[in-house]
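> Can you look at this prediction? I've put the sequence above it.
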Amino acid sequence: MSAQTSQPVSEGPPKGIGPMQRREMWLAYLMLAPTFLIILVIVAGPLLANFWISVKPVQLGDLRPPAVLVNERLRGGPETAGDSATLEYRLRNSSRDEEIRDVVLKDEVPAGFTVTGLPQGCELSGSALTCTLGTVEPGWRDRLQLEGTVSEEFLAANRPERASEPVVTGDANNVLTNFEFTFENFSRIFSADEFWSVLRVTFYYTIFGTGGALVLGLFAAQLLHTAFPGRGFLRGLFLFPYVSPVIAVAFTWVVLFDPFSGTLNALLTKMGVVSDPINFFGQRAIEFSIFGIPLEFPLALTTVIAFEAWRYFPLSFLFILARMQSINTDMYEAAEMDGATPLQQFWYLSLPQLMGILSVLFLLRFIWTFNKFDDIFLLTGGNAGTRTLTVDVYEQGFALSNLGAGAAVAVVVFVVLVTFATLFIRFSPKEEGL
Amino acid sequence: MRPASIVLTAFTGLLWGVMAMVVIGVTLTLITGEVALPQATAAGLAGLLGALVFVWRGSATGTGGAPAWAYCAVVVFLVLMIASFAGPFSLPLSVAPVWQGLALIAFVAGVTAALRLCLRDARFGAMSRYEREVIYIRIAKGVGFVVFTIIVALPFYVMVMTSLKSQQTLLANPLDLSIDFSQGLSGLVRSYVELFTQFNFGRYLMVSAFVSVATVVITLLLSVPGAYAVSRLRFPGQALLARSVLLIYMVPAIVLVIPLYAVFSQLGLRNTLTGLLIVYPATTIPVALYMLQGYFRGLPAELEEAGLMDGLSRIGVILKITLPLSLPALASVSLYVFMIAWNEFLFAFMFLDNPDIFTLSRGVVSLNSSEVPRQHLMAGAVIATVPVLVIFLWFERFLVQGLTAGSVKG
């Protein structure tokens, strides 16, 4: 709109943001705002909160903030109007470790109850009762007794003391929000013997699970590349493990491999392949020796890795197949004319073409496998030498009820992940466009 | 005559003989519940000789008579029966004779067909590297088809069949995975009936359906404008955002669980469906936004510009032009999000304590205790799997395109 105002043409395109562009920008930000908001609250916030929780001595039980619990009841058993009775409040500090400050109890004295004696610290104005109790110790218990007489109206009502709930307020240290920090969580997880074995298991699981899924996927894609009757059916079937709910397939594997009533072990023992049932998900290692060197085969870990490869090969299969079908066939015809054998064609033509998608898949699957929690948790619960970092988060935070230690492990997970991501972004091929 | 060619032929026959016998023997065992001990050695020998005869007859030129595969089939059958003393499955003939007969036919037919496919054009004379590699690849593919089909199908077969059994038959013979029609229809589906009547699975099914559909709706409501902004509007940070949106998808759920658990507990959102419906869209929006923006970019911008010129607002353009054009993408994104929400386990497990609002995933986990028999657990697994598999098969084409779109350049 400022075109007429004698600007020389030679100055080139306008710099900065014009009003229309600015409107477009604000519209874009407005449209993205809900997405930003929910991701900020549910993803970015918790990521930061993890760092906070990891340096706090917080247990699962601390999530319920300390409070004074109160129980109101009528004592003395009044039977006729004018009888004396006692309204009793039993109070208790729910926490055994934290004091509560400025405790105040408020309640309505039930209609028809005439107060004759007030306990210390309590005031009555009309029917509103206010008791100032001050600071109470950890594990404190007390009773407040309100003496009084009852009227006919009181006796006729059904449990009149329940008409109004007593309200107790007070300030307590909330361990989540105070400024008390500790590095005990980190020192605990790093000094534990099992931490390094957990780290090792995590890497075995991630590397072999990813590799297995990729190799199986590549193989399956080769099978279904050429057209034949029943191909659509097989493609659908091959995707089953990936689309089924993890609980369904994980429990099916557990049932299938069960040492006592599992089909697979029954087959192996009845057919005489093994003499005793094998506890695939429960046995840490099989010991054997080659040339006198004792070696261990991590059985449960291998089974879990096999599950991982089985469940996620469809994803790589799908991507590799899509890529293969987009490769130009002229190349293969030329190679055929030049006398290249099928394996040579695969090695020198197909594989280089697939390298891009393979490395992208490796990157994605590597990170997702590293992040995987459900599968191992459902299959073994992290026992028998299959505890990975993610299962350790659950184990520390919820099984051992130490939220702080769990968050500390989660911080380790996050740091390792960021390291991977940085490495991958630096070294991954650019042309595949992920 | 080249020894290498003969060895290759013999090896092919041996491999198929052993494999067909093991597969068919195990299948026979699972179907009849009788322990068949497959005679792998005899079967290998039968396959080996069959392969040799097949190649010999196939390369013998000018002789009329029966085709080579017929000779092969006869040899396979005879050698198997002789080498295994007429008991190829080590079962007396009186036991399940029909199934044994079918298994025998399946074995002979399977080995013959496999040899015919693998050793077509093979000969005992010198074969070029090309010809040999063709045979290697046929063998590898054949083995691949058999192995993949079995490893994929077997767990699902076990899942369904176990759910149809009763406790006694399961304990008596874990190998018997046949359908026992003698107990009648009501006996077959007893586990399912009990799940729906005593274990409240009808409710879990409704909750799961509600949560999944609500997640789809929320995700689409939020990600469609976002995807449109990223793909069509120019603003500072657009390129960065388009690239980094997928990074959110890399954040592990387990890292979010502890803070969310802590905060949701204090806010009273933990044991509620509202809590789940806040968390689920947050995990699905990034991937939905990524898939949608890839599709929006592919739509011709001229159509939208024409709409703008004709006086539509941006919102009008999105509602009247962009969305109708991107129905396939919306469908595939919806399905994908639905599947993610339906299959989600971790948050449902951590957040839900109240059996009235269990999702199916959470409900099936609660069946995994020593008090609940195995067939109930498997029936629960089937109930959780069937809806998502039906939807998947119904819309497979959409889904496959949606999954691979955007990331694979064709």
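Everything's here; your move.

> quick one, strands of chain B?
Counting by DSSP state E, chain B has no strands at all.

> Would you map out the domains in it?
B:3-188, B:194-404 (automatic domain parsing).

> of all the ones you listed, which lies closest to chain A?
Evaluated with C-beta to the nearest C-beta, these place domain B:194-404 nearest to chain A, the distance being 3.4 Å. To be clear about C-beta, it is placed using only N, CA and C from the backbone, and glycine gets the same treatment.

> Is the helix of greatest length in chain A positioned near chain B?
Criterion DSSP state H: the longest helix present in chain A is helix A:193-223. Yes. Using C-beta under 8 Å from any C-beta of the partner chain, we find that helix A:193-223 touches chain B at A:219-220, A:222-223.

> same check, this time on stretch A:243-260
Yes. Using C-beta under 8 Å from any C-beta, stretch A:243-260 reaches chain B at A:243-249, A:251-253, A:255-256.

> Which residues are in contact with residue 31?
Going with chain A. If you count contacts by C-beta atoms under 8 Å, 6 or more residues apart in numbering or on different chains, A:Met31 has them with B:225-226, B:228-229, B:233.

> look at chain B instead
By C-beta under 8 Å, 6+ apart, B:Ile31 lies in contact with B:99, B:177-178.

> Of the residues you listed - the most surrounded one?
When neighbours are taken as other C-beta atoms under 10 Å in any protein chain shown, the top entry among these is B:Leu177 (22 neighbours).

> picking up where we left off before, let me know the next secondary structure element after the longest helix of chain A.
Next helix or strand after helix A:193-223 toward the C-terminus (DSSP states H and E): helix A:231-238.

> residues in contact with the helix or strand following that next one?
Using DSSP H and E, the helix or strand that follows helix A:231-238 in sequence is helix A:240-243. Under the contact criterion C-beta under 8 Å, 6+ apart, helix A:240-243 has outside partners A:249, A:310-315, B:152, B:155-156, B:339, B:388-389, B:392.

> what about 6 Å?
Applying C-beta atoms under 6 Å, 6 or more residues apart in numbering or on different chains, the contact partners of helix A:240-243 are A:310-311, A:314-315, B:152, B:392.

> so, in contact with chain B or not, stretch A:406-421?
Yes. Counting by C-beta under 6 Å from any C-beta of the partner chain, chain B has neighbours in stretch A:406-421: A:406-407, A:410, A:413-414.

> Just the pLDDT at the residue lying closest to A:Gly282 once chain neighbours are set aside, thanks.
Nearest non-adjacent residue to A:Gly282, counting by C-beta to C-beta, 6 or more residues apart in numbering or on different chains: A:Ala384, 5.4 Å away. Per-residue pLDDT puts A:Ala384 at 85.

> any weak-confidence spans in the stretch 151-300 of chain A?
Under the criterion pLDDT under 70, no range of the stretch 151-300 of chain A is flagged.

> Pull up the residues of the stretch 201-350 of chain A that are close to chain B.
Residues of the stretch 201-350 of chain A lying near chain B (C-beta under 6 Å from any C-beta): A:219-220, A:223, A:236-238, A:240, A:243-248, A:251-252, A:255-256, A:261, A:263, A:266, A:270-271, A:319, A:322-323, A:326, A:341-343.

> Now restrict those to buried residues only.
Applying 16 or more other C-beta atoms under 10 Å in any protein chain shown to these, the neighbour count classes A:219-220, A:223, A:237-238, A:240, A:243-248, A:251-252, A:255-256, A:263, A:266, A:270-271, A:319, A:322-323, A:341-343 as buried.

> burial count for residue 35?
Since you didn't name a chain, this refers to chain A. For A:Thr35, the count of nearby residues is 26 (other C-beta under 10 Å).

> that's the other chain; I wanted chain B
If we define neighbours as other C-beta under 10 Å, then B:Val35 has 19 of them.

> Also B:Leu269?
18.

> State whether it and B:Gly275 are indeed in contact, as I suppose.
Yes. Using C-beta atoms under 6 Å, B:Leu269 is in contact with B:Gly275, at 3.9 Å.

> In terms of pLDDT, where does the most centrally placed residue in chain B sit?
Geometric centre of chain B, nearest residue: B:Val152, 5.8 Å, by C-alpha atoms, centre = their mean. Note on B:Val152: pLDDT of 94.

> ok so, going back, make a markdown table from the contacts of helix A:240-243 and add distance to A:Thr369 to it.
Written out in a markdown table, the entries for the contacts of helix A:240-243 read as follows (distance: C-beta to C-beta, whole Å):
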| residue | distance to A:Thr369 |
| --- | --- |
| A:Trp310 | 13 |
| A:Arg311 | 10 |
| A:Pro314 | 14 |
| A:Leu315 | 11 |
| B:Val152 | 20 |
| B:Phe392 | 22 |
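
> Can you pull the domain assignment for chain A?
According to automatic domain parsing, the ranges for chain A are A:68-172, A:186-427.

> can you tell which of the ones you listed is closest to B:Val216?
domain A:186-427 (15.8 Å; C-beta to C-beta).

> and the angle for the host helix or strand of A:Ala407 with helix A:193-223?
If you go by DSSP H and E, A:Ala407 is part of helix A:403-427. Angle, helix A:403-427 to helix A:193-223, by axes from the mean of the first three to the mean of the last three C-alpha atoms, to 10 degrees: 40 degrees.

> could you give the mean pLDDT of stretch A:52-62?
84.

> what's the distance between that stretch and the middle of its chain?
16 Å (C-alpha atoms, centre = their mean, to the nearest Å).

> Look at the residue nearest to B:Val53 when sequence neighbours are not counted and say how many residues are nearby.
Of all residues not flanking B:Val53 in the chain, B:Val75 sits nearest, at 4.6 Å (C-beta to C-beta, 6+ apart). The number of residues packed near B:Val75 is 23, by other C-beta under 10 Å.

> outside of the strand or helix carrying A:Leu146, which residues touch it?
In the assignment (DSSP H and E), A:Leu146 maps to strand A:141-150. Outside strand A:141-150, the residues within contact range by C-beta under 6 Å, 6+ apart are A:78, A:82-92, A:113-117, A:119.

> of those, buried ones?
A:78, A:85-89, A:91, A:113.

> check contacts around the nearest residue to A:Ser151 once chain neighbours are set aside.
Nearest residue to A:Ser151, sequence neighbours excluded (C-beta to C-beta, 6+ apart): A:Gly112, at 4.0 Å. Contacts for A:Gly112 (C-beta under 6 Å, 6+ apart) come out as A:151, A:153-154.

> Just the buried ones from the residues you listed, in ChimeraX syntax?
Typed into ChimeraX, the next command selects the buried ones out of those (criterion: 16+ other C-beta under 10 Å):
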select /A:154
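
> what's the most distant pair in the buried ones among the contacts of strand A:141-150?
Using C-beta to C-beta, the buried ones among the contacts of strand A:141-150 reach their maximum pairwise distance at A:Pro78 and A:Leu91, which is 23.2 Å.

> Looking at the contacts of helix A:240-243, spot the one nearest B:Leu45.
Nearest member of the contacts of helix A:240-243 to B:Leu45, counting by C-beta to C-beta, is B:Val152, at 30.5 Å.

> do you know how far the closest one is from A:Phe238?
6 Å (C-beta to C-beta, to the nearest Å).

> ok, B:Ala379 touching B:Thr162?
No. In terms of C-beta under 6 Å, B:Ala379 does not count as a neighbour of B:Thr162; the distance is 8.4 Å.

> Please say which of these two ends up with more neighbours.
B:Ala379 (29 against 26).

> State the distance from that one to B:Tyr204.
B:Ala379 is 13 Å from B:Tyr204, where distance means C-beta to C-beta.

> got JSON lines for the residues of stretch A:243-260 next to chain B, with distance to A:Leu358 too?
Formatted as JSON lines, the residues of stretch A:243-260 next to chain B follow (distance: C-beta to C-beta, whole Å):
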{"residue": "A:Val243", "distance to A:Leu358": "22"}
{"residue": "A:Ser244", "distance to A:Leu358": "25"}
{"residue": "A:Pro245", "distance to A:Leu358": "28"}
{"residue": "A:Val246", "distance to A:Leu358": "25"}
{"residue": "A:Ile247", "distance to A:Leu358": "30"}
{"residue": "A:Ala248", "distance to A:Leu358": "29"}
{"residue": "A:Val249", "distance to A:Leu358": "25"}
{"residue": "A:Phe251", "distance to A:Leu358": "32"}
{"residue": "A:Thr252", "distance to A:Leu358": "29"}
{"residue": "A:Trp253", "distance to A:Leu358": "27"}
{"residue": "A:Val255", "distance to A:Leu358": "34"}
{"residue": "A:Leu256", "distance to A:Leu358": "30"}
